[in-house]
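Colleague: Model the following, please.
(chains A, B, C and D)
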Number of protein chains: 4
Amino acid sequence: MSDSPFSIELKVRDYECDMQGIVNNAIYQHYLEHARHEFLASRGLSFAELTKQGVIIVVARAEIDYRAPLHAGEECRISVAASRPSPVRLVFSQKILRAADGKLMVSAEIITTAVNERRKPYFPKALQQLLDEE
Amino acid sequence: MSDSPFSIELKVRDYECDMQGIVNNAIYQHYLEHARHEFLASRGLSFAELTKQGVIIVVARAEIDYRAPLHAGEECRISVAASRPSPVRLVFSQKILRAADGKLMVSAEIITTAVNERRKPYFPKALQQLLDEE
Amino acid sequence: MSDSPFSIELKVRDYECDMQGIVNNAIYQHYLEHARHEFLASRGLSFAELTKQGVIIVVARAEIDYRAPLHAGEECRISVAASRPSPVRLVFSQKILRAADGKLMVSAEIITTAVNERRKPYFPKALQQLLDEE
Amino acid sequence: MSDSPFSIELKVRDYECDMQGIVNNAIYQHYLEHARHEFLASRGLSFAELTKQGVIIVVARAEIDYRAPLHAGEECRISVAASRPSPVRLVFSQKILRAADGKLMVSAEIITTAVNERRKPYFPKALQQLLDEE
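Modeller: From the prediction side, this is the model:
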């Protein structure tokens, strides 16, 4: 993989925090998804456009390690690196680092596949663009 | 574990569906969390009360397998079974089944731990109640 | 309007509560929307189906009065009554009552209209079913 | 009010869009809240800190006009201007403009009040900072 993977910066919004005063676990999955879609966009691919064209990318499995919690108002950096360990698997390795000190808050492996209209997995050519700089 | 684990039933709400017309991946994590908190409640434990008392239960790792997507208006059953594979680990094995036909939509292993005020892991006595019927 | 309007019951989920320990304001709008869509379903109309058929119902204005906050675990009843004060306006009068004591938590007027593909307002015949029992 | 009110810029995230392919109505309330909290921060006030100190700001009423919908990936600017039309009322006038062309998408009046521990309305001195530049 490239030395400096794609990343975006986000600031935690208060409504994303729960009664424990920290970002709710499900919200990190929103963050991770948003970073992946921005990664797609950086390679000229729109998730919304792909969906309209019938290229449905689905998450088959998510492995998420929660190391430390983000609090209201904190900023973080979310990285995305793509790999293709098997013909129809597209795997995104992602990290969420606290912007202030680079501390690792969350790491995740998101295993995805594209499916056709009958939900059969395949690898659309368009997604090759996510890998070609590795 | 008991033959018939704790479970709740939910109906998918339209706002939980995304532009693909299916339940967004992060929403399943909300469903799973809600089922766990209801499981706690069924054993006389309130997540909100525990939090107020300083018993902070955090998710350390989530492994979620997405088998098939739920659509708007569909009903599902979410099961919860707890185990304690190591002294400070409390693991919830969860399944989301489509109510109409019992089809497995999501399975998940949610590895949690309780932390004290300095975020040191420990096993509060109160949580023993989650295991005592095994 | 009918003496006993359509209503649904919901239980507040912990993840819907924010750092103040109460249901976040935006979540009530989700509750209100879900109740409206269930009201449509009770009259044989599916919001998802209507959308697919090109009958797009949009909220033009929302007036929401927050009287008292719901807390984690509380149950509520959400009522819906429809009226048509002008040719292309469909107005939903909604109330959220705490189930335990019937206390009014939220009242709302949701002013909607249906729009065609060029976003021109009109009144689809199908929506007449929402009014015919008045 | 000042000629150029406080504002923030946001980019719509895909998961904020619903099955109609547009930002869900409740999400705009999240956007509006986030902009208000950032406005507070710009005046040296932290919503989270205020809450911890027992200064609970609650929304009493929201009037939201939805003019046109935002789509996935679009950027918007959200403005905030505060006024105090009555002793215990703090009103935020907000607009959401599409960044690309300045088109008005949403306008809102958010009527808030601060409440003490017994939920009695009052006007905390700290909030004066939101008004003093008018």
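Colleague: Residues touching the worst-scoring helix or strand of chain A on mean pLDDT, excluding its own?
Modeller: Taking mean pLDDT, DSSP states H and E as the measure, helix A:47-52 is the helix or strand of chain A with the lowest mean score, a mean of 86. Residues outside helix A:47-52 that contact it (CB atoms under 8 Å, 6 or more residues apart in numbering or on different chains) are A:37, A:40-41, A:56-57, A:124, A:126, B:19-20, D:14, D:17, D:21, D:71-73. Quick note: C-beta positions are derived from backbone N, CA and C, even for glycine.
Colleague: Output that helix as CSV - backbone C-alpha positions only.
Modeller: Extracted in CSV, the C-alpha atoms of helix A:47-52 (Å, rounded to 0.1, in the frame of the first residue of the first chain):
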residue,chain,number,x,y,z
PHE,A,47,-21.2,5.9,-4.5
ALA,A,48,-24.6,7.4,-5.3
GLU,A,49,-23.9,7.2,-9.1
LEU,A,50,-22.6,3.6,-8.8
THR,A,51,-25.8,2.7,-6.9
LYS,A,52,-28.0,4.3,-9.6
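Colleague: so how far is that helix off the chain centroid?
Modeller: When distances are taken as CA atoms, centre = their mean, to the nearest Å, helix A:47-52 is centred 16 Å away from the chain's centroid.
Colleague: State the next helix or strand along the chain beyond that helix.
Modeller: Heading C-terminal from helix A:47-52, the first helix or strand you meet, by DSSP states H and E, is strand A:56-66.
Colleague: buried ones in that next one?
Modeller: Of the residues in strand A:56-66, A:56-62, A:64-66 count as buried by neighbour count, 16 or more other CB atoms under 10 Å in any protein chain shown.
Colleague: Around the residue nearest to A:Val23 when sequence neighbours are not counted, how many other residues sit close by?
Modeller: Excluding the flanking residues, the one nearest A:Val23 by CB to CB, 6 or more residues apart in numbering or on different chains is A:Leu70, at 4.5 Å. Each residue near A:Leu70 was counted by other CB atoms under 10 Å in any protein chain shown, and the total is 24.
Colleague: and if you look at A:Ala126?
Modeller: That count, for A:Ala126 with other CB under 10 Å as the rule, works out to 16.
Colleague: which residue ranges form the helices in chain A?
Modeller: A:25-42, A:47-52 (DSSP state H).
Colleague: Need these in a markdown table (columns: mean neighbour count).
Modeller: Putting the helices of chain A into a markdown table (neighbours: other CB atoms under 10 Å in any protein chain shown) gives the following:
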| stretch | mean neighbour count |
| --- | --- |
| helix A:25-42 | 22 |
| helix A:47-52 | 17 |
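Colleague: Would you single out the least confident of these?
Modeller: When those are compared on mean pLDDT, helix A:47-52 scores lowest, with a mean of 86.
Colleague: if we can go back for a sec, please verify my assumption that the residue nearest to A:Val23 contacts A:Gln20.
Modeller: No: with contact defined as CB atoms under 8 Å, A:Leu70 does not count as touching A:Gln20 (11.6 Å).
Colleague: which non-adjacent residue is nearest A:Leu21?
Modeller: No Leu there; residue A:21 is Gly. Using CB to CB, 6+ apart and skipping residues adjacent in sequence, the residue nearest A:Gly21 is C:Met19, 5.1 Å away.
Colleague: The one you found touches A:Asp14, doesn't it?
Modeller: Yes: the criterion here is CB under 8 Å, and C:Met19 meets it with A:Asp14 at 6.8 Å.
Colleague: Quick check: the gap between A:Val55 and chain B.
Modeller: Counting by CB to the nearest CB, to the nearest Å, the separation of A:Val55 from chain B is 11 Å.
Colleague: Return the residues in contact with that residue.
Modeller: A:114, A:124, A:126.
Colleague: These: which ones sit near chain B?
Modeller: Of the entries in the contacts of A:Val55, none also sits close to chain B under the rule CB under 8 Å from any CB of the partner chain.
Colleague: Nearest to C:Ala26 among these?
Modeller: Compare each of those with C:Ala26 using CB to CB and the shortest gap goes to A:Ala114, at 32.7 Å.
Colleague: Report how many residues lie close to that closest one.
Modeller: A:Ala114 has 20 neighbours, counted by other CB under 10 Å.
Colleague: so what's it up against?
Modeller: Under the criterion of CB under 8 Å, 6+ apart, the neighbours of A:Ala114 are A:55-58, A:88, A:90, A:121-124, A:127.
Colleague: Turn the residues you listed into TSV, columns for distance to A:Ala108 and pLDDT.
Modeller: Below are those laid out as TSV (distance: CB to CB, whole Å; pLDDT from 0 to 100):
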residue	distance to A:Ala108	pLDDT
A:Val55	23	87
A:Ile56	21	88
A:Ile57	16	91
A:Val58	16	92
A:Val88	20	93
A:Leu90	14	96
A:Pro121	21	91
A:Tyr122	24	93
A:Phe123	21	93
A:Pro124	23	91
A:Leu127	19	91
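Colleague: need the residues you listed in JSON lines with distance to D:Leu32, can you?
Modeller: Formatted as JSON lines, the contacts of A:Ala114 follow (distance: CB to CB, whole Å):
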{"residue": "A:Val55", "distance to D:Leu32": "34"}
{"residue": "A:Ile56", "distance to D:Leu32": "32"}
{"residue": "A:Ile57", "distance to D:Leu32": "31"}
{"residue": "A:Val58", "distance to D:Leu32": "32"}
{"residue": "A:Val88", "distance to D:Leu32": "42"}
{"residue": "A:Leu90", "distance to D:Leu32": "36"}
{"residue": "A:Pro121", "distance to D:Leu32": "41"}
{"residue": "A:Tyr122", "distance to D:Leu32": "42"}
{"residue": "A:Phe123", "distance to D:Leu32": "41"}
{"residue": "A:Pro124", "distance to D:Leu32": "38"}
{"residue": "A:Leu127", "distance to D:Leu32": "36"}
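Colleague: picking up where we left off before, C:Met19 and A:Asp14 - which one has more neighbours?
Modeller: Neighbours per residue, other CB under 10 Å: of C:Met19 and A:Asp14, the larger number sits with A:Asp14, 24 against 21.
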